[in-house]
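Participant: After the sequence you'll find the predicted model.
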Amino acid sequence: MTAASEAPAITEVLTVGVGGMSCNNCARSVTKHVTAIEGVVEARVSFALEDARIRFDPQRVTPARVFEAIADAGYSVRPEHAEGREADERNDLESKRLRMIVGLAASAAIMFLGMGVPKLGLPEFALRPAVIAALAGLVLFWVGRDFHIGAWRAARARTTNMDTLVSLGANVAFFYSLSVLVTGADRERFPVYFESAAMIVTLVLVGKVLEARGKREASGAVRALLDQQPEGARVERDGEVVECAASDIRTGERVHVRPGERLPVDGVIVSGNSHTDESMLSGESLPIRKAPGDRVHAGTVNQQGALVVETHAIGEATILADIARLVREAQASRAPIQSSVDRIASVFVPTMIAVASLVGVAWWAFGASRWLPATDPLAAGILFASSTLLISCPCAMGLATPLALVAGTGIGARRGLLLKSAAALEAMGRLDRVILDKTGTLTLGRPKVVAATAADQTPIDAVLRLTAAAEQDSEHPLAHAFLEEARARSLDVPTATEVRADAGRGLSARVEKHEVRLGTRSFLEESGIEMVPLDAARREAEARGASTVFVAIDGEAAALFAVADSPDPSARPALERLGGLGLAVTMSTGDARPQALAIAEQLGLAPEQVVAEVLPADKAEQVEARRSAGERVAMVGDGLNDAPALASADVGIAIGSGTDVAIEAADVVLVRDDLGAVAEAVVLSRRTVRTIHQNLFWAFGYNVAAIPLAAGLFVPWGGEAMRLSPGIAAGAMALSSLFVVTNSVRLRRFDPAVK
C-alpha cells in the first residue's frame, strides 16, 4: 500500500525500532499512520521484530516526519542503530522482568491475605482489606502500566488491541471490588476480585516476558550474524601496523589478520596462505583454502596462516551486513497466510468486547438468579464478562505466523539460504516442480576446450587467438573456456571492437581487421557461411557430450571448438533428494540435445526430464507454461540469461556465485555453491509452514474451547465448578502465547535430513 500513486524514481529506506506494540493490531495502526504521509511509498511494520521498514521519497519526506507519525500513533521510536535498539530492547525486557517479579510477589501476598488468613485461622486485622486493595492497585497501575498505555494508544487511534482487553478486564474487576469495599456492601453477596485483578496483570505480564525472550531467540540469527564482525583490527598506516576500531578502517587500507582471528572487512588477500571458516556466511562446514588474489569476507575466521588483506568494503557495505539486511527484510515482510489471520484479528477484539458485554448483561439480567443464586447478579455479570475479555486475547493468534517466519528465515540465513521474503519461504514448501539451468548450476560452470578442429590450413592457434579476443568481455561461461585455453597456449589476446551479442546464439566482432563470427551452426549459416566441412568434427564432439562452437573468419568457416563441462558433485545427490521430496525435476539448457542428454545421464536424469536448445526467453516461457498447467514452479539458475525465468517462477532461486542480475531477480539466494541447499530450503519451508499451522490450530482452538467456558455456558450443567475466574483466564491466555513461542523456537533444532 502506498501513499503516492506511483513510486518515485529514487527512494530511501529507513529501518527503525518501534516500542510499545502488543499485537498485530498495533503494527497495523503504525502502518496506517506512516503510509498516510504524502511521499511514503511503502511501510512494513513487524510486531514480531518490533521495527518498521519504511521506503520513502527523500525529496518529500524526512525521517523526522516518519518518527512524528509513529509517535502520533502512540508508539515510541527506538534508536536507529542496531546497537542502540539492542540496548533499548534489553532495558525494556529488564523493566518488564522487574515489574513481573513485583507483580508475582504482590499477587502472592494478596492471595495469602485474602484467602490464606481466614482459612488458616490467623488473627484478623482491620486494615487487611485496605492492604489487599493497595497491593492490587500497585499491581494494576505500576506493574501493568504498559497495558493501560497500550489501550489508551489504541483508543486514540480509534482501534482496539490486546491491551484493550487486558486493561478493560483488570480495571473492571478492580474498580468493582473497590466500590464494594468503599460502600461496605455485603461481601457474601458481592464478592471482591482484587486477587483476580492482580493475577490478570501479573500472569499476562509473565506471558509477555516469556514472549519477548522467545522473540529474541527466534530472531537471534541476524544478531548472531552481526556479532561475528570483530570490534578491533590491525591496520598498516605510515609504514607501521597499528591497532584501531573496525569502524575506523578505510577502503584501500591493508589489514593484518592473525591465525584464529575473524576478518573485520571484505577484501582481497595481498599476501599469505590460509584456510578460512565461512560457515557463518554460507553454512559450509569445511574450511576453504585461500591464497593471494582470493576474496575474503568480514566475520569469517582465518584458521592457519597470517594474512594481509586489502580492504574493499567495510561496515554496512560488507557481504555480512548485506546478508543481515536481506534477512531483516524477509522477517519484516508478510506471508500470504498472514493476511487471512490479520483480517480475522482486526475484527476479533471489538467482536469479543461486544460478546463480553452481552455475556455480562445476560448473567446480570437473568443468569445469576437462576443458576448462581448465592451471588449478586452484578458480581456474576462482572465475573463472566471479565473472564471472557481476558481469555479471548488474540496475542497467540497474532504471534502464530510472524514468529515462526522469523525463526525460519533466521535458520535459513545460518545455513546459507537467504530467503528474501516471507512469501518466498511459504511458497518453497508448496512447489510441484523445480527447473534447473544446466551450466553453472548443475555443472561446475567452468567448461574447458577439449578439442579443436580447423576447417582449412589456418593454424588453430591463430583462430583461437581471434576467438578469445571476441569473447574476452563476455560473461558467458564458454567465453572463459576460450580465454583459459589461450592462456594455456601462451597466446597474446588482442582487443576486439564492434562486439555484438545475440543472447544464446553467438556473437560477432572485429579483431585486427578481421570479422569474427562464432556461435551455433544456425547462427553462422544465417549469414550464408557454409559449415559442412566441420560436420564430422561436430558429430564426434556431440557424441562425447561436448558443446560445439563454430567460428567463421571473414565470412569463411574457420574452426570448430568442442567445449565440455563437468557435473557439480553436489548435483546428483541434490536431484535425488528433490525427487524424494515429491518434486518433479527438469533440466533446461541451451545446449544441443545430444550434449544435454550426455550430462543428464551423469546426473541420473531421464531423457524426458531434459529440455534442450532453449533460448533465454524460452526459459521464461517454459516456466510460464508449467504455471499455466497448474504447477507451482521454482527456477534455479546463476546467469544473466536466467534472470527472466527466475522472475517468472513462483520461486526464483539464484546460486550465490552467480551474476548480480540473477541474484537480484531471485526470491531465494544460495550463498554456498551446493545444490543440496535447494532441498534444504524446501524442507525448511515445509517445517515452518507446519509450525505455523500448529500455532494457528492451538491459538484458534484455545479460543474456541475456552471462550464458552469463560462465558459460563457450562454452569447450568456443572454448577459452581464450571466458573472460570478472571485470574485463571489470564493464566490460560499467557500459556497459549507461551505455546506459540516455544513451538516456533523449536525450529532452531531444524534438521534438513528429516522431511
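Facilitator: Great, that's in hand.

Participant: quick one, strands of the stretch 351-500 of the chain?
Facilitator: For the stretch 351-500 of the chain, the strands defined by DSSP state E, counting those that start in this stretch occupy 417-419, 433-437, 448-454, 496-502.

Participant: Out of these, which gets nearest to Asp667?
Facilitator: strand 417-419 (7.4 Å; Cβ to Cβ). The way it works is simple: take the backbone N, C-alpha and C, and place the C-beta from them, glycine included.

Participant: Summarise which helices and strands the closest one is packed against.
Facilitator: Using 3 or more Cβ pairs under 8 Å, 6 or more residues apart in numbering; DSSP states H and E, the elements in contact with strand 417-419 are helix 319-332, helix 395-414, strand 668-670, helix 676-710.

Participant: what's near enough to touch Gly527?
Facilitator: No, residue 527 isn't Gly; it's Ser. Counting by Cβ atoms under 8 Å, 6 or more residues apart in numbering, Ser527 touches Arg517, Ala552, Gly555.

Participant: Pull out the buried residues from the residues you listed.
Facilitator: Arg517, Ala552 (16 or more other Cβ atoms under 10 Å).

Participant: how about a markdown table for the contacts of Ser527, with secondary structure added?
Facilitator: Formatted as a markdown table, these follow (DSSP: H, G, I helix; E, B strand; the rest coil):
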| residue | secondary structure |
| --- | --- |
| Arg517 | strand |
| Ala552 | strand |
| Gly555 | coil |
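
Participant: Can you tell me which of the contacts of Ser527 is nearest Asn25?
Facilitator: Using Cβ to Cβ, Arg517 comes nearest to Asn25 of the contacts of Ser527, at 65.1 Å.

Participant: is that closest one in a bridge, and if so with what?
Facilitator: As for beta bridges, Arg517 partners with Ser508, Ala552 under DSSP bridges.

Participant: Now for it: which residues touch it?
Facilitator: Here Arg517 is in contact with Gly506, Leu507, Ser508, Phe523, Leu524, Ser527, Ile529, Val551, Ala552, Ile553 (Cβ under 8 Å, 6+ apart).

Participant: neighbour-wise, which of those residues leads?
Facilitator: Val551 (28 neighbours; other Cβ atoms under 10 Å).

Participant: That one and Ala647: what is the separation?
Facilitator: As for Val551, its distance to Ala647 is 33 Å (criterion: Cβ to Cβ, to the nearest Å).

Participant: got it, and Ala634?
Facilitator: Using Cβ to Cβ, Ala634 is found at 13 Å from Ala647.

Participant: Pick out whichever of these two has more residues nearby.
Facilitator: Ala634 (27 against 16).

Participant: got any ranges where the stretch 351-500 of the chain has weak pLDDT?
Facilitator: Scanning the stretch 351-500 of the chain for pLDDT under 70 picks out 394-395, 398, 475, 477.

Participant: just so I have it, where are all the helices in it?
Facilitator: 368-371, 377-391, 395-414, 422-428, 460-471, 477-488 (DSSP state H, counting those that start in this stretch).

Participant: residues of the fifth one that come out buried?
Facilitator: For helix 460-471, the buried set under the neighbour-count rule, 16+ other Cβ under 10 Å, comprises Val463, Leu464, Arg465, Leu466, Thr467, Ala468, Ala469, Ala470, Glu471.

Participant: Now do Thr497: how many residues are near it, please.
Facilitator: 11.

Participant: before we move on, what about the one 5 residues further on?
Facilitator: Summarising burial for Asp502: neighbours were counted as other Cβ under 10 Å, giving 13.

Participant: Spit out the contact partners of it.
Facilitator: Gly519, Phe523.

Participant: What's opposite it in the beta bridge?
Facilitator: Beta-bridge partners for Asp502, by DSSP bridges, are Gly506.

Participant: How about Asp591, nearest residue that isn't a chain neighbour?
Facilitator: What sits nearest to Asp591 in space, not counting adjacent residues and going by Cβ to Cβ, 6 or more residues apart in numbering, is Ser547, at 5.4 Å.

Participant: Quick one, grab the pLDDT at the one you found.
Facilitator: Note on Ser547: pLDDT of 79.

Participant: Kindly report the same for Ala537.
Facilitator: pLDDT recorded at Ala537 is 88.
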